[in-house]
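Novice: model the following, please.
(2 chains)
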Amino acid sequence: MTRTCIVGVGESACGRLPDKTELQLHQEAACAALADAGLSARDVDGLLTCGADPLHPLLVAEYLGLEPRYVDGTQTGGASWECFVGHAAAAIAAGRCEVALLVHGATALSDAKRRERHVRAAPHGPEQYEAPYGLTLTARYALAARRHMHEYGTTSRQLAAVATAANAWAQRNPAAYHYGRPLSIDDALASPMVADPLRRSDCCLRTDGGGAVVLTTAERARDLRRRPVYVLGAAEAHSHLHVSQWKDMTELPARQSAARAYEMAGVRPQDIDVAQVYDSFTITVLLSLEALGFCPRGESGRFVEDGALAPEGRLPVNTDGGGLACQQPGTRGIFLLIEATRQLRGECGARQVAGAQLALCNGMGGSFSSCGTVVLGCE
Amino acid sequence: MDDRGLAGLHEHLPVPDAESAAFWDGTRAGKLLIRRCLECGHRHFYPRHHCPECWSTNVEWFSASGRGRVYSYTVIHQNETPPFRDMLPYIVAVIDLEEAVRMVSTLVECTRDAVHVGMPVEVVFDRVTQEIALPRFRPRY
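Specialist: Residues are numbered from 1 along each chain as shown, chains lettered A, B, ... in the order given. Prediction:
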């Protein structure tokens, strides 16, 4: 099978951008990633992107001035981008496209400030049995956290250790939203309760921004600017959408997607040098660490409590600061791929993981509903 | 929820459809109706026209006991959306019914200190509009 590589990564401006549109952020990010690869818009013949509009790939293609021969608009929330890597690799191997562009842009922060919300239609279908009860997004994750605490004795302090590790990485990344704003365990435990047991510090940021990744064949990569980063394994798994259908609130489908991605890559969890793990909330990271095989079931709280995920820890996680401390414009999975690529290229400066050869990215969408796992390597 | 909390609730309330009308008729009559497969015996919630286990369409409604236990819960302290912002803090729970189906609801007649995983609960019906009675749950002693 044709080997696929990441050959370019880039971001738009990130942070608070009230004067930019979502489509503009798509273009800025795409432009940065293509420049990084040494390619131009004319080289792109595959486009993978998702957003609120059902015809989002067509909207973005038209706005960017592309007429691709392959598009994919799979929308599984934060997992979409890791799923796209598998889809792009298959499309490239099948000759359906040669240069695939994954691109995301969103203005979640400015939309919230402007109080722009989608018009709420009366709840239809399965939603009608949950919508009347005021179950917020944070509450869905709080249900998982409470259950994990009940089954395994996980503590708020252990959740806080996930937040402080992300924050410690952000202090080494001048581009991070929380750069220059350190967070201690005591700060985290003193932050206001949002949905018990999750506090403000357990929740990801809301920012504006965009990111893009360019993939192509190993053959084409040889002539390009950057050292290629190889897609060694990519798999996905999807389990449910509504809370009432979520069978085990301490599990997520990363258990299945990771097993397949490791098998494809021929590696084991203990071989991974650096991991980028979707962190919508601190509990997301704990459950993911177990499902990805980095620790046994129920052990994630104890695994992280002594700073295992932080700089100099035994498993560097979310080295840019993650969604908890760097940026989170919406479905953050694209940034996991960008940071993993930079780590494998050795471009990360103060936050570089020495000698990183193998990286894992795990995107998660919905409420532990959908996962995409990607294993990347230098060879 | 009383009348005080009702402003803004309408847009969160169901519009009964072909698959759900019998359920909402049931709650108005004080019954918690769930679905049972006559082929494989599997019970399911939310109600579908087929059995999600074996895909048989030979499924029927039956009246559940209304008794169950709290599988997990959260006390919500922040929600800017009306009417929920006027109800803070409130308890959302995942309830496992004795009939082996899972529901999301709010707990009533229950303090934040009393709620715990495994707590026995029973259904009560809250007539929030002429058309809709919402199942909620209270501690069962």
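
Novice: check which helix or strand the closest residue to residue A:198 other than its chain neighbours maps to.
Specialist: Spatial nearest neighbour of residue A:198, chain neighbours left out: residue A:142 (4.6 Å); criterion: Cβ to Cβ, 6 or more residues apart in numbering or on different chains. From N, CA and C alone the C-beta is placed, and that goes for glycine too. Using DSSP states H and E, the element containing residue A:142 is helix A:137-152.

Novice: ok, then the element right after that helix?
Specialist: helix A:156-170.

Novice: follow-up on the earlier one: gap between the helix holding residue A:142 and the chain center?
Specialist: Centroid separation for helix A:137-152 versus its chain: 21 Å, with Cα atoms, centre = their mean, to the nearest Å.

Novice: using the three-state scheme, assign the residue located most distally from the centre of chain A.
Specialist: Residue farthest from the centre of chain A, counting by Cα atoms, centre = their mean, is residue A:122 at 30.6 Å. The three-state label given to residue A:122 by DSSP: H, G, I helix; E, B strand; the rest coil is coil.

Novice: per-residue pLDDT, the closest residue to it other than its chain neighbours?
Specialist: The shortest distance from residue A:122 to any non-neighbouring residue, by Cβ to Cβ, 6+ apart, is to residue B:15 (4.7 Å). Residue B:15 is assigned 90 on the pLDDT scale.

Novice: one more: residue B:4?
Specialist: Model confidence at residue B:4, given as pLDDT, is 44.

Novice: ditto for the one 4 residues further on
Specialist: According to the per-residue confidence, residue B:8 scores 83 in pLDDT.

Novice: quick check: it vs residue A:134, distance?
Specialist: Computed as Cβ to Cβ, to the nearest Å, the residue B:8 to residue A:134 distance reads 11 Å.

Novice: any common contacting residues for the two?
Specialist: residue B:81 (Cβ atoms under 8 Å, 6 or more residues apart in numbering or on different chains).

Novice: who's more crowded, the two?
Specialist: The neighbour comparison of residue B:8 against residue A:134 (other Cβ atoms under 10 Å in any protein chain shown) goes to residue A:134, with 21 against 13.

Novice: who are the contact partners of that one?
Specialist: By Cβ under 8 Å, 6+ apart, the residues touching residue A:134 are B:12, B:76, B:79, B:81, B:84, B:87, B:90, B:92, B:106.

Novice: thinking again about what came up before, residues near the residue nearest to residue A:122, how many?
Specialist: If you count neighbours by other Cβ under 10 Å, residue B:15 ends up with 14.

Novice: quick one: it from residue A:135, how far?
Specialist: 19 Å.

Novice: same deal with residue B:42?
Specialist: 25 Å.

Novice: looking at the two, which is more packed in?
Specialist: Set residue B:42 next to residue A:135 and count neighbours by other Cβ under 10 Å: residue A:135 wins out with 25 against 16.

Novice: and the more buried one, helix, strand or coil?
Specialist: Under three-state DSSP, residue A:135 comes out as coil.

Novice: what's in contact with the helix or strand of chain A with the lowest mean pLDDT?
Specialist: Sorting the helices and strands of chain A by mean pLDDT, DSSP states H and E puts helix A:108-113 at the bottom, at a mean of 87. With contacts defined as Cβ under 8 Å, 6+ apart, helix A:108-113 is touched by A:15-18, A:20, A:117, A:206-208, A:328-330.

Novice: got the residues of the stretch 151-300 of chain A near chain B?
Specialist: The stretch 151-300 of chain A comes close to chain B at residues A:192-198, A:242-246, A:249, as judged by Cβ under 8 Å from any Cβ of the partner chain.

Novice: would you mark the buried spots in the helix holding residue A:142?
Specialist: Buried positions in helix A:137-152, judged by neighbour count with 16 or more other Cβ atoms under 10 Å in any protein chain shown: A:138-150, A:152.

Novice: how about stretch A:153-160?
Specialist: The neighbour-count check on stretch A:153-160 (16+ other Cβ under 10 Å) flags A:154, A:156, A:158-160 as buried.

Novice: try stretch A:88-98
Specialist: So, applying 16+ other Cβ under 10 Å, buried residues of stretch A:88-98: A:88-89, A:91-92, A:97-98.

Novice: check contacts around residue A:316.
Specialist: Applying Cβ under 8 Å, 6+ apart, we find residue A:316 in contact with A:169, A:273-275, A:309, A:353.
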